[in-house]
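Participant: Give me the fold of what follows.
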Amino acid sequence: MFRLSSAAVIQYTSLDFIMWAENDLGPGIPCLESYAEPGDGKVYLMYHGTSRFSAQQIMMSGFKPSAGGMLGPGVYLSRDLNKASRYPLNLPEHERVVLRVFANVGRVKRIDRQDHPMQKTWHSHGYDTAWCPPLCGMVPSGLEEDCVWDPTRIKVIDAIYPNVVPPGPYSWYQ
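Facilitator: Numbers count the residues shown, from 1 in each chain. Down below sits the predicted model:
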């Protein structure tokens, strides 16, 4: 089981650059590009952005579905690390954590426009996951988003913490 450590408090300045990187994907990890529609019954590598405290709770007790949201109740994930690293929106970036998960998407419903007739009712029509493709007008960031109804379809692999890169002439290249 993964445990969060209580390390020393780090002072961040507004000049620090925070970098999220997923550079440890190994062979055999089924990561599909977020622009491709997820296939029914497949398991994908996905990400969930959260706070450090919530990450610890999720890793100990599992996900709890949200009561609502753009796609209704469920666990919100993305195959795009960039998307997940933006959440929670109200926290400074250095306080965020991205959980890396495997998600069995089951039967997938594409929700590709505002006011889609099944935008919040897809589960009652027999779907396990709702998928918003990138650049479809549903998400302000233009990045893909998934909502998995049943949290038992999701297995946490580990957590990704942001790396703080001090300002310097080569900090963008690290």
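Participant: List the contacts of the residue nearest to Arg86 when sequence neighbours are not counted.
Facilitator: Taking C-beta to C-beta, 6 or more residues apart in numbering, and ignoring the residues beside it in sequence, Arg86 has Gly49 as its nearest neighbour in space, at 6.3 Å. All C-beta spots, glycine's among them, are computed from the backbone N, C-alpha and C. Applying C-beta atoms under 8 Å, 6 or more residues apart in numbering, one finds that Gly49 lies in contact with Lys83, Ala84, Ser85, Arg86, Tyr87, Pro88, Arg96, Val97, Val98, Leu99.
Participant: Any stretches of this structure with poor pLDDT?
Facilitator: Where the chain drops to pLDDT under 70, the residues are 1-35, 164-174.
Participant: Assumed Gln114 was part of a strand.
Facilitator: No - per DSSP: H, G, I helix; E, B strand; the rest coil, Gln114 lies outside any strand segment and is coil.
Participant: what sits opposite Glu145 in the beta ladder?
Facilitator: When bridges are called by DSSP bridges, Glu145 pairs up with Cys132.
Participant: Quick check: Gly69 touching Leu77?
Facilitator: No - taking contacts as C-beta atoms under 8 Å, Gly69 lies outside contact range of Leu77: 11.8 Å.
Participant: Point me to the helix or strand that includes Ile58.
Facilitator: For Ile58, the enclosing helix or strand under DSSP states H and E is helix 52-61.
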